[in-house]
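Engineer: structure for the following, please:
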Amino acid sequence: MFSTSLAAIFALISVQQALAQSCSNYTSTNPHGGGIYTSTSSRTYVISQGVDCNSTQGCVVPWGGYLTEGRTVNVSDQSSWDSIFKTISSVVDIDFAESKTYQIAANGSTSTIPNGTAGYVGFTPFLLCTTGRLSGCGSSNLEDVTVMACTPKLLSSGMPDGTIGQVTTDAQSAAALTCNPSNTTQARNGNYTGGCSSTEDQTGAASSVSGASLLLLSSALLVTFMGL
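Structural biologist: Sure thing, here's the model as predicted:
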């Protein structure tokens with residue numbers, strides 16, 4: 001009975017490995033020219049608590065925390081990803097990084113939310129991407145399929161590049177962010193949820209500051225697609 005179960009397990013592993021699809025060729029079809037381009041992630045991380053600012057002098061909001069980013073490709077069969085990334089990297093100069101948790105901002109980083117505004121501070125990562133067609137896939141259904149593969153764009157410091165700025169919400173949504181979701185134990189462990197619970201770390205309330213203008217902090221201009 002025990003030996004039969006082991007045989008079944010090994011057989012299942014063999015089948016799963018066989019099902020992993022691979023392709024030997026990749027041809028870039030980047031519509032912007034060149035093999036690599038910079039794109040803006042569709043995901044914005046909440047990196048502060050929510051604030052509904054009623055101070056005439058504006059409200060200072062501490063921001064920072066942890067975010068987890070990694071390589072992606074629009075192929076649903078993740079067992080094929082390693083092979084696909086390897087094939088693409090042999091053609092275009094991209095190192096597709098596996099998922100990693102990064103800490104952004106040092107202690108004391110703040111932004112200012114103007115009077116009469118509700119919202120939070122958000123971080124939107126930049127990505128290095130390539131778009132192209134797979135071939136040499138044998139009988140695989142990936143043959144001649146166009147894929148988009150991306151990896152986080154990193155600064156020289158090794159930290160993710162992106163934009164930091166205010167995301168405006170309604171007062172109710174801001175009030176629900178009683179913590180900084182990026183500065184929780186879950187986020188540190190790579191499990192960012194974008195929300196708060198009673199068991200998560202609390203960041204403290206925002207304070208008043210002179211001046212009503214919004215401080216937008218950005219490491220680069222927010223552009224949907226731009227060439228390197």
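Engineer: wait, is S173 part of a helix?
Structural biologist: Yes - read with DSSP: H, G, I helix; E, B strand; the rest coil, S173 is one of the residues of a helix.
Engineer: now for the nearest residue to it once chain neighbours are set aside, how many residues are close by?
Structural biologist: Distances taken as Cβ to Cβ, 6 or more residues apart in numbering put G50 closest to S173, at 6.8 Å, once the chain neighbours are dropped. Placement of C-beta: from N, CA and C, glycine included. If you count neighbours by other Cβ atoms under 10 Å, G50 ends up with 26.
Engineer: contacts only, for G50.
Structural biologist: Going by Cβ atoms under 8 Å, 6 or more residues apart in numbering, G50 touches 118-120, 169, 173-178.
Engineer: over to T72?
Structural biologist: Here T72 is in contact with 149-151 (Cβ under 8 Å, 6+ apart).
Engineer: partner strands of the one helix or strand Y66 maps to, parallel or antiparallel?
Structural biologist: Using DSSP states H and E, Y66 sits in strand 65-69. When pairing is defined by DSSP bridges, strand 65-69 lines up against strand 100-104 (antiparallel).
Engineer: and the pLDDT for S140?
Structural biologist: Note for S140: predicted pLDDT of 84.
Engineer: for it, which non-adjacent residue is closest in space?
Structural biologist: Q21 (4.2 Å).
Engineer: show me where the chain has its strands.
Structural biologist: Taking DSSP state E as the criterion, the chain carries its strands at 25-28, 37-40, 45-46, 51-52, 59-62, 65-69, 72-73, 100-104, 110-113, 118-135, 146-152, 162-168, 207-208, 225-227.
Engineer: tell me which of those strands sits most buried.
Structural biologist: Each of the strands of the chain was scored by mean neighbour count; the highest is strand 45-46, a mean of 26, by mean count of other Cβ atoms under 10 Å.
Engineer: and that one, average pLDDT?
Structural biologist: Strand 45-46 comes out at a mean pLDDT of 96.
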